[in-house]
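1. Sharing a sequence plus its predicted fold:
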Amino acid sequence: MFYVNDHIPSRQILLERKSPHRTVDLEDLTGNWEAQLIRQDGILLWIDDRLDTDVRHSEKVKAAGIPLVTFDDRGTGAELADMHIAALAFDAQERLAGGKLLRGADYLILNPQIADYRRLRKRLSSILVTLGGSDTYGVTVKVVRLLKGMGLAATIVIGPAFMHNDLLEHELTPAFTVKRGIPSLIEEFARHDLAITGGGITPFEANASGLPCVVIANERFEIPVGQALQSLGGSVFAGSHEALTAPLFSMDLPLERMSGAGMNNIGLQGTQRVISALLELTE
């Protein structure tokens, strides 16, 4: 069962996938909707994937007597989690709250479809730009402007919550193709030789499929992620979106070496590791 805010694009995706879900007010910290839904739906394990949970929410889940799991959570609610899965935590100095901590790229939940589309890239003939479902700061617009300055073309994938359409339309030329609502980003990866992405899960999935990346940090916590991706060999880190300058990347990127390093260093076993850990928690 998925509990989501009243966010139309998210609800539409769940409807299309026939995933059971309810719309709730996730910002309601004074009521006790959590306890009601745990009883009503027979929930045995609660998983938060909200990045910044509040301790008042976690207290209500724990009071119901079921295990609580959270993902990459920097909020006060993480303190009460029985398990904290932090696959994108690469700052060794950062203290993460919670009971059992599963940290690092070994616990990445990557799309299993990647296995069907892995291939080695050798030369640059096609560029993909994908900067998240919402691209809060409109970094796509800035990237298009920089690529135009380099005389390059690209395919732009826009997420369901992208709000910068007017600015993007102003920058587009016939050299750029815009795609919205694509059924599979993994299939789209297979058509390109370099991707420009944010610092979330996307560059890990791209690198695992053999697609090298130029990674831009949209948020502060994405900076160590970008640095970690560069150390794994499949990506180069371009820095924070606020400091992007031309050229966006070097035209002599060692694509074949990067492509091989991404496939060799980012595995697809993380999902099974997480499933095993969750099953142990419910035993």
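-> Good, I have the coordinates.
2. okay, CA-based contacts and neighbour counts for the rest of this
-> OK.
3. separation between Pro156 and Leu147?
-> Just to correct that, residue 156 is Ile rather than Pro. 12 Å (CA to CA, to the nearest Å).
4. ranges for the helices of this protein?
-> 8-16, 33-41, 55-63, 139-149, 165-171, 185-189, 201-208, 222-232, 255-265, 270-282 (DSSP state H).
5. in the least confident helix or strand in the chain by mean pLDDT, what counts as buried?
-> Each helix and strand of the chain was given a mean pLDDT (mean pLDDT, DSSP states H and E); the minimum falls on helix 8-16 at a mean of 88. Neighbour counts using 16 or more other CA atoms under 10 Å place Arg11 of helix 8-16 among the buried residues.
6. And for that helix, what's in contact with it?
-> Val4, Pro20, His21, Pro160, Ala161 (CA atoms under 8 Å, 6 or more residues apart in numbering).
7. Now with 6 Å, please.
-> Residues outside helix 8-16 that contact it (CA atoms under 6 Å, 6 or more residues apart in numbering): none.
8. Same check on stretch 79-98?
-> Applying CA under 6 Å, 6+ apart, the contact partners of stretch 79-98 are 68-72, 78, 99-105, 107-108, 224.
9. gap between the two ends of stretch 178-187?
-> End-to-end distance of stretch 178-187: 16 Å, with CA to CA as the criterion.
10. could you give the mean pLDDT of that stretch?
-> Taken as a whole, stretch 178-187 carries a mean pLDDT of 92.
11. centre of the chain versus it, how much separation?
-> When distances are taken as CA atoms, centre = their mean, to the nearest Å, stretch 178-187 is centred 15 Å away from the chain's centroid.
12. So for Ile156 and Leu147, which sits in the more crowded spot?
-> The residue with more neighbours, out of Ile156 and Leu147, is Ile156; 22 against 18, by other CA atoms under 10 Å.
13. ranges for the strands of the stretch 1-150 of the chain?
-> Using DSSP state E, counting those that start in this stretch, the strands of the stretch 1-150 of the chain run over residues 2-4, 21-23, 46-48, 68-71, 83-86, 100-103, 127-130.
14. need those in a markdown table with mean pLDDT, can you?
-> Listed next are those as a markdown table, based on pLDDT from 0 to 100:
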| stretch | mean pLDDT |
| --- | --- |
| strand 2-4 | 95 |
| strand 21-23 | 95 |
| strand 46-48 | 97 |
| strand 68-71 | 96 |
| strand 83-86 | 96 |
| strand 100-103 | 94 |
| strand 127-130 | 97 |
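15. Which of those strands sits closest to Glu171?
-> For Glu171, the closest of the strands of the stretch 1-150 of the chain is strand 127-130, at 14.2 Å, according to CA to CA.
16. how close does Leu26 sit to Ser134?
-> Taken as CA to CA, the span from Leu26 to Ser134 is 19 Å.
17. Repeat that for Cys213.
-> As judged by CA to CA, Cys213 and Ser134 stand 19 Å apart.
18. out of the two, which sits in the busier spot?
-> Cys213 (32 against 14).
19. Looking at the helices of the chain, which one is packed in the most?
-> Most buried of the helices of the chain, by mean neighbour count (mean count of other CA atoms under 10 Å): helix 201-208, with a mean of 26.
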